[in-house]
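1. Have a look; sequence and predicted model below, questions after that.
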There are 2 protein chains.
Amino acid sequence: MRRVRGEGNEGQVGTVDGESQPGGASGTRRRAARPRQGASMADVAQLAGVSSQTVSRVSNGFPGVTEDTRAQVLAAMRELGYRPNSAARALRRGEFRTLGVITFSLSTMGNIRTLEAIATSAAEHGYAVTLLPVAVPTQDEVNGAFSRLGELAVDAVIVIMEIHLLDAATVSLPPGVQVVVADSDAGDRYTVVDTDQAGGARDAVRHLLDLGHDTVWHLAGPEGSFAAQRRANAWRDTLRAAGRVTPPLVRGDWSAESGYRAGLLLADEPDCTAVFTANDQMALGLLRALHERGRRVPDDVSVIGFDDIPESASFLPPLTTIHQDFAEVGRLCVEGVLSKMRQDGAEHGTTLVPTRLVRRASTARRAG
Amino acid sequence: MRRVRGEGNEGQVGTVDGESQPGGASGTRRRAARPRQGASMADVAQLAGVSSQTVSRVSNGFPGVTEDTRAQVLAAMRELGYRPNSAARALRRGEFRTLGVITFSLSTMGNIRTLEAIATSAAEHGYAVTLLPVAVPTQDEVNGAFSRLGELAVDAVIVIMEIHLLDAATVSLPPGVQVVVADSDAGDRYTVVDTDQAGGARDAVRHLLDLGHDTVWHLAGPEGSFAAQRRANAWRDTLRAAGRVTPPLVRGDWSAESGYRAGLLLADEPDCTAVFTANDQMALGLLRALHERGRRVPDDVSVIGFDDIPESASFLPPLTTIHQDFAEVGRLCVEGVLSKMRQDGAEHGTTLVPTRLVRRASTARRAG
DNA sequence: CCAGTGGATGTTTACGTAAACATTGCCTAG
DNA sequence: CTAGGCAATGTTTACGTAAACATCCACTGG
């Protein structure tokens, strides 16, 4: 963990401009202790020769200000480099215009894309996004995050997290703080936005059955994950509905490495001609294992993934997969939480975002 | 963009608990307009029978409070569910305890990992992180982000961005807001934390030369990227220093797809026995192209990547690559910005984080 | 020519916290 | 026995903004 200093020197050289006197025009009463902090409304008001309330009106684009006055105030603002103090504003207005996002480890592509969409969408609505990472997904950590959140300057919260831990979390949010949960279950207790996991999984299985495979094996995600659980359930249900035998479920942990290990097992199953993998990363590992064991994809085994990460088009072979619209999930999270803020006591429920089958080269009609 | 409502009904059913009266004990003067907002220091003080200043002392863990009094105050806090109002706190203290992070598109794995490390590290220092996404990487957007940032409640800013756009950005930050730039150049004008791109690239090229290859081809990242530029420069310099001929540079855009296209080209170059790819995603595409064209890796062609994304261990074959310590970059960004905040007029400079060569199966001694 | 009207602007106040200063009361040293 | 000191606690005030209310003034209609 060493670090290399670029140019070596760390002298304490000059240019300490921190305390340059604000040239006569502006601040009359400037505290000496704190060198920072820009001009306030009062400063602008003084320079523009109006009251601070008029400055406030201009700052907020309110009506009732002459075009002349407005221009004058704007000029004064520019001259002083005025920035509204968001702390004072928040205190006064009683809202922060900020959404908190709780998530642990941005390790999965889905969470990241969702987060990105949340940030973008929030910005469009004039909201900032504060990130609250949960280091280790333990109950304590989750509780801790919620507790820290209480002191955080947020108006509402979006949780991107396997619900299992949320379940028992001692959620003690400040009153009036709304919550929306992404990528989860529990529509009865929270407002949830999620990908249509079941629909996607069903499409994946049907696709393989339609290609003439007798049945479909499933490489599932970790037990703790609700998404994994729902995909696995849908896989089982779809097979049953089609009257097929259900092969034993193989479990991974979302990682390519776990997919590889599972693939080594599946390669030895002669009956296994079609695999539905619960995410693309595991599919990658699975492809490697099958390749190593000489099982050709898609000639001997068809593989379908879930997520449609950008790289999946470049797998060997390019992966057929179920596309998730994470951006839409993120967008709906923001919409949902904002709408809940408007009409306070809105009831819970689940909003599902549809998936889409992306056909590439890893699935084919069953040989023979 | 349709959306499917989970269970179909959207009735306006009951359980409107939003307006439950705060049981007699607490708020005496509660404004009717806003149902939200919890107890304030004054409320706690009244219940505990002390002054609000004492509550403040307890809240901030200051000395000069009897154990008895402290306990009483804490009890009152618990009873009322008191949360310090961070807006008021920020206003009073003149700091938000929040870092702003500007980044566009969390598309690259590196940015994400860096962001994650920043969030974690900031949390350890008692700072929150506010995300400021820049939708399209245009000059206007970047300027806009910086301008929005001005109104944002942040004490300092970390920029994760190709410096090219930062270059000309009309950066007009509020006075006293420090900036640290990650993954960039420009140590002369900003404080920069970055991976040792040059060192990593040099190691990659040398590794291939050591394996007996006459020279090394380079699949570079997009022109606009400083990281890409520095890796390409180091590649060229290392070849020259070793007295080898420098093959023409092939350019991609970081995506696996672009790596595939480049790979189709390189596969037709009979002299090409070793390729240094500027990131792992492009290496993935390259591997696919080489495979399709019947060029075996590593028997015919050796390939080395950059980044060491988790999936690279599961490529076909597992990818030899240069590991970047994004977590360390993020951590150092936070340390740097906090230290700059403490000693205001600190000078600029670049901090480099070393890389590490990870040997896997995609590189081998040159055949023949 | 004057009361009435409404738009433009100013004044007062409160938001919740914490620094600075003020007060209380107890204990100890002279 | 009292002055001095110090620890515990209380009181006042300011942070920057914006809602609520107050004022001013020009113009209109009778």
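-> On my side now, so go ahead.

2. Residue A:281 versus residue A:213, what's the distance?
-> Counting by Cβ to Cβ, to the nearest Å, the gap between residue A:213 and residue A:281 amounts to 23 Å. Every C-beta, even on glycine, is put in place using the N, C-alpha and C of the backbone.

3. And the two? Which one has more around it.
-> Using other Cβ atoms under 10 Å in any protein chain shown as the criterion, residue A:213 and residue A:281 rank with residue A:281 on top: 30 against 22.

4. and the closest residue to the more buried one other than its chain neighbours, how many neighbours does it have?
-> Spatial nearest neighbour of residue A:281, excluding adjacent residues (Cβ to Cβ, 6 or more residues apart in numbering or on different chains): residue A:256 at 4.7 Å. Residues lying near residue A:256 (other Cβ under 10 Å) number 25.

5. so what's residue A:256 up against?
-> Each residue near residue A:256 by Cβ atoms under 8 Å, 6 or more residues apart in numbering or on different chains is listed here: A:281-282, A:284-285, A:288, B:310-311, B:313-314.

6. Would you format these as a markdown table with pLDDT, secondary structure and distance to DNA strand C included?
-> Output for the contacts of residue A:256, formatted as a markdown table (pLDDT from 0 to 100; DSSP: H, G, I helix; E, B strand; the rest coil; distance: Cβ to the nearest atom of the strand, whole Å):
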| residue | pLDDT | secondary structure | distance to DNA strand C |
| --- | --- | --- | --- |
| A:281 | 96 | helix | 45 |
| A:282 | 97 | helix | 48 |
| A:284 | 97 | helix | 50 |
| A:285 | 97 | helix | 50 |
| A:288 | 96 | helix | 55 |
| B:310 | 92 | helix | 42 |
| B:311 | 93 | helix | 46 |
| B:313 | 96 | helix | 48 |
| B:314 | 93 | helix | 50 |
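
7. where do the strands sit along chain A?
-> For chain A, the strands defined by DSSP state E occupy A:4-5, A:98-104, A:128-134, A:156-160, A:178-182, A:191-195, A:217-220, A:250-251, A:274-277, A:302-307, A:320-323, A:349-353, A:356-358.

8. looking at the ones you listed, which has the lowest confidence?
-> Mean pLDDT across the strands of chain A is lowest at strand A:4-5; the value there is a mean of 40.

9. Just the buried ones from the contacts of residue A:256, in ChimeraX syntax?
-> Filtering the contacts of residue A:256 down to the buried ones (16 or more other Cβ atoms under 10 Å in any protein chain shown) takes a single ChimeraX command:
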select /A:281,282,284,285,288 /B:311,313,314
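
10. out of the contacts of residue A:256, which one sits closest to DNA strand D?
-> Ranked by distance to DNA strand D (Cβ to the nearest atom of the strand), the contacts of residue A:256 are led by residue B:310 at 45.5 Å.

11. That closest one touches residue A:254, doesn't it?
-> No - checked against Cβ atoms under 8 Å, the pair residue B:310 and residue A:254 is beyond contact range at 10.0 Å.

12. intersection of neighbour lists for those two?
-> Joint contacts of residue B:310 and residue A:254 (Cβ under 8 Å, 6+ apart) are residue A:281.

13. Could you list the low-pLDDT ranges of the stretch 101-250 of chain A?
-> In the predicted model, the stretch 101-250 of chain A carries pLDDT under 70 at residues A:105, A:137, A:162-175, A:186-187.

14. Neighbours of residue A:194, how many?
-> Here the number of neighbours of residue A:194 (other Cβ under 10 Å) works out to 25.

15. now swap in residue A:251 and tell me
-> Using other Cβ under 10 Å: residue A:251 sits among 16 other residues.

16. check contacts around it.
-> By Cβ under 8 Å, 6+ apart, the contact list for residue A:251 reads A:219-223, A:262.

17. can I get these in a markdown table with neighbour count and distance to chain B?
-> Converted to a markdown table, the contacts of residue A:251 look like this (neighbours: other Cβ atoms under 10 Å in any protein chain shown; distance: Cβ to the nearest Cβ, whole Å):
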| residue | neighbour count | distance to chain B |
| --- | --- | --- |
| A:219 | 26 | 13 |
| A:220 | 24 | 18 |
| A:221 | 27 | 15 |
| A:222 | 16 | 15 |
| A:223 | 11 | 21 |
| A:262 | 23 | 12 |
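
18. show me what contacts the most centrally placed residue in chain A?
-> Nearest to the mean C-alpha position of chain A, counting by Cα atoms, centre = their mean, stands residue A:115 at 2.4 Å. By Cβ under 8 Å, 6+ apart, the residues touching residue A:115 are A:101, A:103, A:106, A:131, A:160, A:330, B:106, B:131.

19. any idea how far residue A:302 is from residue A:214?
-> Relative to residue A:302, residue A:214 is positioned 12 Å away (Cβ to Cβ).

20. Name the residue in those two with the higher neighbour count.
-> More crowded of residue A:214 and residue A:302, by other Cβ under 10 Å: residue A:302, with 25 against 13.

21. Can you verify my assumption that that one contacts residue A:212?
-> No - taking Cβ under 8 Å as the definition, residue A:302 is not a contact partner of residue A:212, at 9.6 Å.

22. overlap in contacts of those two?
-> By Cβ under 8 Å, 6+ apart, the residues touching both residue A:302 and residue A:212 are residue A:366.

23. and chain A, what are its domains?
-> By the assignment in automatic domain parsing, chain A contains the domains A:41-84, A:93-194+A:327-352, A:197-325.

24. Show me what from the stretch 51-200 of chain A comes close to DNA strand D.
-> Contacts of the stretch 51-200 of chain A with DNA strand D, taken as Cβ under 7 Å from any atom of the strand, map to A:52-53, A:56, A:59-60, A:84-85, A:88-89, A:91-93.

25. Present the contacts of residue A:256 as a markdown table; the columns should include distance to residue A:205.
-> Formatted as a markdown table, these follow (distance: Cβ to Cβ, whole Å):
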| residue | distance to residue A:205 |
| --- | --- |
| A:281 | 20 |
| A:282 | 16 |
| A:284 | 20 |
| A:285 | 21 |
| A:288 | 23 |
| B:310 | 27 |
| B:311 | 25 |
| B:313 | 29 |
| B:314 | 24 |
